[in-house]
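Undergrad: got a predicted model here, sequence first, then my questions.
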Amino acid sequence: MEIGAEKVYCFSCGEVIKAEAEICPHCGVRQKTNPLCQMKNPGVAAIASFFFAGLGQIYNGEIGKGLILIIVQTVNVFLMLLFIGFLTYPIVWIYGIYDAYTTAEKINVEMIR
């Protein structure tokens with residue numbers, strides 16, 4: 001059987017199925033990927049966190065971690081009035097960039113496996 005635009009191989013059992021099939025009729029494995037489980041670009045994640053701490057984490061699908069970083073950075077802005085924020089803000093900012101980049105790489109490694 002020829003594989004073309006209408007037919008593909010099942011990710012799990014290798015049987016030829018319709019391209020639009022969400023579940024393989026032979027083995028029952030879901031074929032469509034979850035939009036949150038896609039390859040991530042580490043550069044995009046790092047740049048997003050560069051412009052606003054937490055955005056890279058949200059891009060990577062780590063919504064909770066991203067929101068926490070946003071809240072922490074908001075508190076750090078107010079702590080700048082006490083001069084403590086001038087130390088804590090850049091530390092959290094650099095951590096956010098590093099974490100977004102390395103998390104995106106880990107997601108990509110897991111997607112390949």
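TA: Arrived safely. Residues are numbered from 1 along each chain as shown.
Undergrad: residue ranges of each domain in the chain, please.
TA: Using automatic domain parsing, the domains assigned to the chain come out as 1-32, 42-112.
Undergrad: these: lowest mean pLDDT?
TA: Note on the domains of the chain: domain 1-32 shows the lowest mean pLDDT, a mean of 78.
Undergrad: list the buried ones in that one?
TA: Of all the residues in domain 1-32, those buried under the rule 16 or more other Cβ atoms under 10 Å are 8, 10, 17, 24, 31. Every residue, glycine included, has its C-beta placed from N, CA and C.
Undergrad: and that domain, how far from the chain's centre?
TA: With Cα atoms, centre = their mean, to the nearest Å as the basis, domain 1-32 stands 26 Å off its chain's centre.
Undergrad: same check on stretch 103-112?
TA: Stretch 103-112 sits 9 Å away from the centroid of its parent chain (Cα atoms, centre = their mean).
Undergrad: restricting to C-alpha, output it in PDB.
TA: Extracted in PDB, the C-alpha atoms of stretch 103-112 (Å, rounded to 0.1, in the frame of the first residue of the first chain):
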ATOM      1  CA  THR A 103      14.000  23.400  30.200                       C
ATOM      2  CA  ALA A 104      13.300  23.800  26.400                       C
ATOM      3  CA  GLU A 105      16.400  21.700  25.700                       C
ATOM      4  CA  LYS A 106      15.100  19.000  28.100                       C
ATOM      5  CA  ILE A 107      11.700  19.000  26.500                       C
ATOM      6  CA  ASN A 108      13.200  18.500  23.100                       C
ATOM      7  CA  VAL A 109      15.400  15.600  24.400                       C
ATOM      8  CA  GLU A 110      12.200  13.900  25.900                       C
ATOM      9  CA  MET A 111      10.300  14.400  22.600                       C
ATOM     10  CA  ILE A 112      13.100  12.600  20.700                       C
END
